[in-house]
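Visitor: Turn this into a structure:
(2 chains)
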Amino acid sequence: MDTILRELAAGIPQTIEITLASFAIAAVLGLPLAILRRSPFWLVRMPAVVIVEVLRAVPPIVWLFLIYYSLFSSDQVRLTTFQAAVVGLGLIYAAHLSEVYRAGLNAVPVGQWEATRALALPRLQTYGRVILPQALVVVVPPMATFAIALLKDSAIASVIGANDITFHAVQLTQQDLNGLANFTVAGLLYILLGVPFALLARGSDRVLSRRLAGA
Amino acid sequence: MSMVEEWREYLPDFLDGLGVTLQLTGASLLVGLPLGLMLALAMTTPRAALRWPVMVLVELGRGAPALVVLYFVYYGLPQLSLTWSSFTCATIALGFTTAAYTADIFRAGIDSIPAGQREACQALGLSHGSELRLVILPQAVRVVIPPLIGFCILLYQGTSLAFAVSVPELLSRAYNAASITYQFTAALTLAGLVYAAISLAAVALMRARWPRRAAKPAIAEPA
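Guide: Below is the predicted model:
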């Protein structure tokens, strides 16, 4: 049990790094996708719709393979497994988060948009001071849920050879043939790593809705 | 145009692979859906001794990565002298994951039935079994079908994990073709297109049949 934990713990940093780095990419890229998708102009909206739908329609493992083995691998450029996993998962979850952001933006009552227009607020202030703070209340709990999903999906990075928990579990199993214990511990590690996100979801939900109710 | 020629060469083998992918999806649903419903019923009983172990099982199934569950079945269960083909292992693992996820969907459906319905059943002296069969489940089904279909699409994509235990499904065929011809871009793009085509078609069908809107109250229409 001690050896298992020690071996698998060696993969924890990489699992956390892949999760956080992809989530950062997803959180940033998701917002422009969501805003483009709300555009009244068909030509602006369409590319965003296609990008989001295609990113979500192909299995994550296929994206990682595509990115690792073909799209970015020439003789000059070669992504590491870590980079390929982060790019792939970052893009896929950007699509998921853009839908979360869109729901958040849609949840802001029309009257708020109309009021910013009546006050002739510049676009940046409209989003920064009025719309986004209200959208945040709706967005944080589902974002935390997607962070947990991303943490679990990061396990597939082991298939292209990332040095994460699952990879270490497979390596260890090939030595000691004790898959029963190794993968039980691996599964529990993922569940434990997800707990902070689950707490964040619940806590932020409570804080933000109380602030909204107080305002 | 060489990519299209490559594709023409790959296509028969890939379609075989797609067949395996679809069989794996179907088999996992066949295992997972009934189990998921049973878990949901166990989670909604008032008996805590039954409820808690089942909730723990469901949290394990939802909390652990599907790939880890798959490896657990494939590498772990042989230690208990349970040795199966890789297809069966994948079916068991994905079936368990399906059960855990759909248990939560079914439970939400059952919980969405107003308490008055249950009280009415008790007032009429219906047994627990008939209450479920005649009143609760027929109404819950309406609520759970859209999220269940959404899950089926995810499961269809998730069968690609079976590549890791060398089930000869779509992704494995693409990977093998690529490693023989070194045309990784051509082979993986075709596989991606096949996955995307079916997922997008299923999503489009689902949205046409169940447009996104606030869920109707389960009680609205008589069965």
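Visitor: Any idea how far stretch A:126-136 is from the middle of the chain?
Guide: 21 Å (Cα atoms, centre = their mean, to the nearest Å).
Visitor: Hmm, I typed the wrong one, I wanted stretch B:94-107.
Guide: For stretch B:94-107, the distance to the chain centre is 7 Å (Cα atoms, centre = their mean).
Visitor: Are that stretch and chain A in contact anywhere?
Guide: No: if you take Cβ under 8 Å from any Cβ of the partner chain as the test, stretch B:94-107 misses chain A, and the best it gets is 10.3 Å. C-beta here means a position set from N, CA and C on the backbone, and glycine is covered the same way.
Visitor: CA-only coordinates of that stretch in CSV, if you can.
Guide: The C-alpha trace of stretch B:94-107 is given here as CSV (Å, rounded to 0.1, in the frame of the first residue of the first chain):
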residue,chain,number,x,y,z
LEU,B,94,-18.2,1.2,-19.6
GLY,B,95,-21.3,-0.5,-18.4
PHE,B,96,-20.4,0.3,-14.8
THR,B,97,-19.6,3.9,-15.7
THR,B,98,-22.9,4.1,-17.6
ALA,B,99,-24.8,2.7,-14.6
ALA,B,100,-23.2,5.3,-12.3
TYR,B,101,-24.0,8.3,-14.5
THR,B,102,-27.5,7.2,-15.5
ALA,B,103,-28.3,6.3,-11.9
ASP,B,104,-27.9,10.0,-11.2
ILE,B,105,-30.1,10.9,-14.2
PHE,B,106,-32.8,8.4,-13.2
ARG,B,107,-32.7,9.6,-9.6
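Visitor: Name the residues that touch that stretch?
Guide: B:24, B:27-33, B:35-37, B:39-41, B:43-44, B:54, B:57-62, B:66, B:69-70, B:73, B:140, B:144, B:147-148, B:151, B:155, B:158-159, B:161-162 (Cβ atoms under 8 Å, 6 or more residues apart in numbering or on different chains).
Visitor: Then stretch A:188-202?
Guide: Here stretch A:188-202 has contacts from A:8, A:12, A:15-16, A:19, A:140-141, A:144-145, A:147-148, A:151-152, A:155, A:165, B:59-60, B:63-65, B:68, using Cβ under 8 Å, 6+ apart.
Visitor: near chain A too, which of the contacts of stretch B:94-107?
Guide: B:59, B:60, B:66, B:69, B:158, B:161.
Visitor: Give me the neighbour count for the third one.
Guide: So that's residue B:66. Other residues lying near residue B:66 total 26 when counted by other Cβ atoms under 10 Å in any protein chain shown.
Visitor: just the last one next, same as before
Guide: Residue B:161: 28 surrounding residues under other Cβ under 10 Å.
Visitor: Am I right that it is in contact with residue B:67?
Guide: Yes: with contacts counted by Cβ atoms under 8 Å, residue B:161 reaches residue B:67, the gap being 5.2 Å.
Visitor: re the thing from before, in JSON lines, list the ones next to chain A among the contacts of stretch B:94-107 along with pLDDT and secondary structure.
Guide: Listed next are those as JSON lines, based on pLDDT from 0 to 100; DSSP: H, G, I helix; E, B strand; the rest coil:
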{"residue": "B:59", "pLDDT": "91", "secondary structure": "helix"}
{"residue": "B:60", "pLDDT": "92", "secondary structure": "helix"}
{"residue": "B:66", "pLDDT": "96", "secondary structure": "helix"}
{"residue": "B:69", "pLDDT": "96", "secondary structure": "helix"}
{"residue": "B:158", "pLDDT": "95", "secondary structure": "helix"}
{"residue": "B:161", "pLDDT": "96", "secondary structure": "helix"}
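Visitor: State the pair within those residues that is farthest apart.
Guide: Spatial extent of those (Cβ to Cβ) is set by the pair B:59 and B:161 at 20.3 Å.
Visitor: quick one on the thing from earlier: need the residues touching each of residue B:161 and residue B:67.
Guide: residue A:156.
Visitor: which residues touch the nearest residue to residue A:172 once chain neighbours are set aside?
Guide: Closest residue in space to residue A:172, ignoring its immediate chain neighbours: residue A:7 at 4.8 Å, by Cβ to Cβ, 6 or more residues apart in numbering or on different chains. Counting by Cβ under 8 Å, 6+ apart, residue A:7 touches A:168, A:171, A:172.
Visitor: Quick one: residues contacting residue A:183.
Guide: Counting by Cβ under 8 Å, 6+ apart, residue A:183 has contacts A:169, A:173, B:68, B:69, B:71, B:72, B:75, B:76.
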